[in-house]
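Participant: Just to be clear, the model below is a prediction. Sequence and coordinates:
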Amino acid sequence: MKQVVQNYKSGELTVLDVPVPGCKPGGVLVRSAYSLISTGTELMKVSEAGMSMVGKARSRPDQVAKVMQSVATNGVPATYRKVMGKLDSYTPLGYSLCGVVEQVGAGIDDVKAGDLVACAGNEHALHAELNWVPKNLYTPVPDGLAPRHAAFGTVGSIALQGVRQGEPQLGEVALVIGLGLIGQLVVQLLTASGVRVVGADPDPARCELAARLGAAACGDPASAAVETAVAELTGGHGVDQVYLAAGGGSNQPVELAAKLSRDRGRVVDIGKCRLDLPWNAYYEKELDVRFSRSYGPGRYDPEYELAGRDYPIGYVRWTERRNLACFLDLLARGSVDVEPLISHVADFDDAVETYRRLKNGELKAVAVLFRYPEQAGTTEEAAAPAVTVPAVRRTGSAPVRATTSPVRLAFIGAGNYATSMLLPHLAQRDGVELSTVVTTTALSAANAQRKFGFAGATTDLDAVLGDKTIDAVFVVTRHSSHAELTRKALLAGKAVFVEKPLALTEDELAGVLAAVEESGNDRLQVGFNRRFAPLLTEAKQRFGVRTGPASLRYLINAGRLDHGSWYLRQGTEGTRFAGEGGHFIDTASWLLDADPVSVYATAPSGNEDLQIALRYPDGSTATLSYVTSGPAGFPKETLDLIADGRALRLDDFVRASVYGRKRWVSSRLPKARDKGQNAELAAFVKAVRTGDPMPVPLESLVATTAATLAVQTGLASGAPVTLEPPR
């Protein structure tokens with residue numbers, strides 16, 4: 001088998017062929033699926049190996065002291081031979097992985113061959129294809145948790161043990177100094193515990209990431225921003241806890257901890273930073289300095305780690321194995337999210353190059369994973385993950401209305417999008433009557449009624465759904481409510497216009513389709529307006545019919561969201577792409593006249609930028625670049641479609657062009673970007689009035705929603721997701 005090793009004397013790092021470890025009693029043999037590079041601990045070790053002998057000695061004075069003691073005891077020649085022998089040998093790297101149990105040793109009854117486990121230990125969870133892991137250093141992975149996420153188990157346990165040492169309580173304020181991998185996890189764990197967190201790190205990207213993951217404020221420790229944030233959050237008293245998750249030789253973290261702590265606050269050292277405590281500062285506040293020892297109780301105890309002797313839970317509630325299981329449970333329940341921390345996933349065979357890039361600074365990373373060769377029938381990589389596109393079943397005919405009367409509309413929700421992009425187009429439209437607006441707050445309903453002329457305003461949803469005179473309902477609420485409100489309106493016999501997304505989960509999508517089947521009502525439209533944009537529809541018409549496969553590139557410069565935006569509430573409202581990504585998938589599918597058959601998504605760490613590749617039945621491909629880190633002045637949407645020697649270009653709904661035998665360029669700049677809302681609403685109202693088919697087939701809406709949901713599945717698996725046709 002292959003294993004990553006390093007010669008500490010020469011600094012050589014290589015992937016070495018070594019014998020397969022035996023499966024001893026009291027443990028299991030695990031075939032690795034993903035292992036995590038600790039960009040702090042491991043890179044420090046790699047860097048030390050590249051130093052001169054003097055540099056090595058300076059970096060490890062503790063080892064120098066041991067050498068001097070050996071000289072005094074054994075003499076120089078014997079000590080020299082011993083030291084050189086130890087230095088000039090291969091040492092392993094790695095201590096956090098997820099893999100599949102391949103063989104079970106005697107005395108093990110909690111897992112079996114084929115089970116997925118997370119493993120810990122710098123002697124047992126190595127960057128190697130196979131590892132023997134003793135009982136107290138592995139734990140089963142909860143159902144549904146992706147192996148690449150479970151590989152964070154050990155570092156998560158380190159962060160969790162540090163938080164436990166701080167004894168956080170609801171409502172407290174904590175300062176996390178150092179926002180690397182451990183620091184980012186500490187931020188999330190504290191936030192999940194009801195603690196408000198201030199982060200400190202000189203790297204703006206890490207500060208931004210921590211803010212997205214729950215920190216109330218972040219900033220450079222050398223600036224006044226951190227001190228100001230602490231003062232505002234604590235009323236000038238100082239933070240209750242400080243977590244030192246920084247490395248390096250500076251004493252600044254320790255000094256900043258004393259400065260920003262409250263009287264009798266707690267300071268917890270998790271990382272390996274300089275600890276020259278300024279006596280006066282710590283004495284005057286009587287600060288409680290605590291150390292967090294790695295993964296938790298049991299660490300460095302051979303009776304626990306190797307002999308498998310557990311500590312009674314009544315005496316030691318959280319051992320290192322229980323911490324490991326607890327962290328995996330937090331991941332599985334969505335209380336902690338490690339996906340944004342993954343900067344890069346490298347094939348295991350590229351380990352040496354990956355370390356080189358990390359060491360030289362070419363690869364800026366919070367967390368890097370090694371992905372191991374495919375394992376038949378054992379992990380998520382054994383077969384490409386698949387999402388089944390739900391079948392659309394209709395058991396009856398759609399509701400029929402009189403075509404002579406005005407179409408009576410009700411709005412559920414009257415937020416910014418409804419009042420700026422939809423209602424202005426409907427308020428003065430002939431043949432439309434705005435019947436009732438429903439909101440959760442009375443004042444917003446009254447405002448919408450006054451501004452747009454609704455006949456009634458209410459907070460009673462059931463009254464609107466039970467009103468048989470209302471023909472169609474617009475669902476323009478927050479994302480988490482779309483599917484349930486759509487389901488209820490369909491069952492009430494209403495035509496439904498729901499803003500994107502239709503659903504945030506596969507179960508929600510299935511619920512909507514169950515309502516269609518139960519009621520026979522398939523009168524549904526999702527607000528995918530771009531296919532109705534006049535400039536784009538004309539460009540598609542001039543491009544003409546394709547005969548061969550096409551290549552489509554779509555750049556979406558989504559931009560950053562303001563701090564506090566409800567779009568950032570991923571726990572309830574889904575990811576940002578889940579909320580609006582259907583727009584762009586629908587546009588690509590409409591231009592290519594087909595629904596996608598597979599989705600492949602990748603994402604760098606530190607932001608929400610996505611690269612998404614869609615494949616279509618005829619071999620066409622669409623690449624979506626959804627970026628949040630671009631400049632504000634750059635166009636939001638640019639699109640290129642190339643096929644059959646022709647090209648179509650769209651420049652942010654301002655100008656379009658088609659290149660072929662003849663060149664066409666839109667003749668003038670429109671007064672405003674028309675992204676199709678007016679034409680979309682006209683088509684929907686006409687379909688409701690006449691009983692004609694909805695503007696977009698329901699099967700297409702479902703396929704687009706399934707493809708949007710598959711993006712998150714693909715990010716979790718690191719593999720293409722097949723969109724299987726309905727059975």
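Facilitator: Nice, thanks for sending it over.
Participant: export the longest strand along the chain as PDB, just CAs?
Facilitator: For the chain, the strand with the greatest residue count under DSSP state E is strand 27-37. Written as PDB, here are the backbone C-alpha positions of strand 27-37 (Å, rounded to 0.1, in the frame of the first residue of the first chain):
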ATOM      1  CA  GLY A  27      -9.000  -2.600  16.600                       C
ATOM      2  CA  VAL A  28     -10.100  -2.500  13.000                       C
ATOM      3  CA  LEU A  29      -8.300  -2.200   9.700                       C
ATOM      4  CA  VAL A  30      -9.600   0.900   7.800                       C
ATOM      5  CA  ARG A  31      -9.300   1.700   4.100                       C
ATOM      6  CA  SER A  32      -9.100   5.500   3.800                       C
ATOM      7  CA  ALA A  33     -11.600   7.400   1.800                       C
ATOM      8  CA  TYR A  34     -10.500  11.000   2.800                       C
ATOM      9  CA  SER A  35      -7.800  12.200   5.100                       C
ATOM     10  CA  LEU A  36      -7.400  15.800   6.200                       C
ATOM     11  CA  ILE A  37      -4.100  17.800   6.100                       C
END
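Participant: and it, what does it pack onto?
Facilitator: strand 96-104, strand 116-120, strand 130-134, strand 138-140, helix 147-150, helix 351-360, strand 367-371 (3 or more CB pairs under 8 Å, 6 or more residues apart in numbering; DSSP states H and E). Glycine gets a C-beta too; all of them are placed from N, C-alpha and C.
Participant: mind redoing it with 7 Å?
Facilitator: strand 96-104, strand 130-134, helix 147-150, strand 367-371 (3 or more CB pairs under 7 Å, 6 or more residues apart in numbering; DSSP states H and E).
Participant: Using CSV, write out every CA atom in the third one.
Facilitator: Listed in CSV are the C-alpha atoms of helix 147-150, where the atom choice follows Å, rounded to 0.1, in the frame of the first residue of the first chain:
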residue,chain,number,x,y,z
PRO,A,147,-17.1,11.0,4.2
ARG,A,148,-15.2,14.2,3.2
HIS,A,149,-16.9,15.9,6.1
ALA,A,150,-16.4,13.1,8.6
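Participant: and the next element down the chain from it?
Facilitator: Using DSSP states H and E, the helix or strand that follows helix 147-150 in sequence is helix 153-166.
Participant: elements contacting that following helix?
Facilitator: strand 96-104, strand 116-120, helix 181-192, strand 239-244, strand 261-269, helix 320-332.
Participant: residue contacts, Gly559?
Facilitator: Thr628, Gly630, Ala632 (CB atoms under 7 Å, 6 or more residues apart in numbering).
Participant: secondary structure class for it?
Facilitator: coil (DSSP: H, G, I helix; E, B strand; the rest coil).
Participant: can I get the CA coordinates of stretch 278-285 in CSV?
Facilitator: C-alpha atoms of stretch 278-285 as CSV (Å, rounded to 0.1, in the frame of the first residue of the first chain):
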residue,chain,number,x,y,z
PRO,A,278,2.4,39.5,31.2
TRP,A,279,2.2,39.0,35.0
ASN,A,280,0.6,42.3,36.0
ALA,A,281,-2.1,42.1,33.3
TYR,A,282,-3.1,38.6,34.2
TYR,A,283,-2.8,39.1,38.0
GLU,A,284,-4.8,42.3,38.1
LYS,A,285,-7.8,40.6,36.4
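Participant: wait, is Ala483 part of a helix?
Facilitator: Yes: counting by three-state DSSP, Ala483 is part of a helix.
Participant: need the contact list for it.
Facilitator: Leu502, Ala503, Glu508, Leu509, Gly511, Val512.
Participant: List just the nearest of those to Val289.
Facilitator: Glu508 (48.8 Å; CB to CB).
Participant: of all the helices and strands packed on strand 27-37, which lies closest to Ala418?
Facilitator: helix 147-150 (36.6 Å).
Participant: before we move on, the earlier item: from the contacts of Gly559, which ones fall inside helices?
Facilitator: Of those, none are assigned to helices by DSSP state H.
Participant: Buried among the residues you listed? Make that a ChimeraX selection.
Facilitator: Entered in ChimeraX, the line below selects the buried ones among those, by 16 or more other CB atoms under 10 Å:
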select :628,630
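Participant: For the closest residue to Gly544 other than its chain neighbours, which residues are in contact?
Facilitator: Excluding its sequence neighbours, the residue lying closest to Gly544 (CB to CB, 6 or more residues apart in numbering) is Arg646, at 7.4 Å. Residues near Arg646 by CB under 7 Å, 6+ apart: Phe543, Val658, Tyr659, Gly660.
Participant: Repeat that for Leu16.
Facilitator: Gln3, Val5, Tyr90.
Participant: Give me the phi and psi for the nearest residue to the last one once chain neighbours are set aside.
Facilitator: The reference is to Tyr90. Nearest residue to Tyr90, sequence neighbours excluded (CB to CB, 6+ apart): Val5, at 3.9 Å. Backbone dihedrals for Val5, given as degrees, to the nearest 10, come out at phi -140, psi 160.
Participant: next one: Gly619
Facilitator: According to degrees, to the nearest 10, Gly619 has phi 90, psi 0.
Participant: how would you label Ala515: helix, strand or coil?
Facilitator: At Ala515, secondary structure determined by three-state DSSP is helix.
Participant: Gln449 is in contact with Ser435, isn't it?
Facilitator: No: counting by CB atoms under 7 Å, Gln449 stays clear of Ser435, with 10.7 Å between them.
Participant: coming back round to it: and the angle for the longest strand of the chain with strand 130-134?
Facilitator: 120 degrees (axes from the mean of the first three to the mean of the last three CA atoms, to 10 degrees).
Participant: circling back to that earlier point, contact partners for the residue nearest to Tyr90?
Facilitator: Thr14, Leu16, Tyr90, Thr91, Pro92.
Participant: Let's see which of those residues end up in strands.
Facilitator: Thr14, Leu16, Tyr90, Thr91, Pro92.
Participant: Compare those and tell me which is most surrounded.
Facilitator: Pro92 (19 neighbours; other CB atoms under 10 Å).
Participant: ok, so what distance separates that residue from Val464?
Facilitator: 65 Å (CB to CB, to the nearest Å).
Participant: mind listing the strands for the stretch 251-400 of the chain?
Facilitator: Ranges of strands in the stretch 251-400 of the chain, per DSSP state E, counting those that start in this stretch, are 261-269, 288-291, 342-347, 367-371, 386-388.
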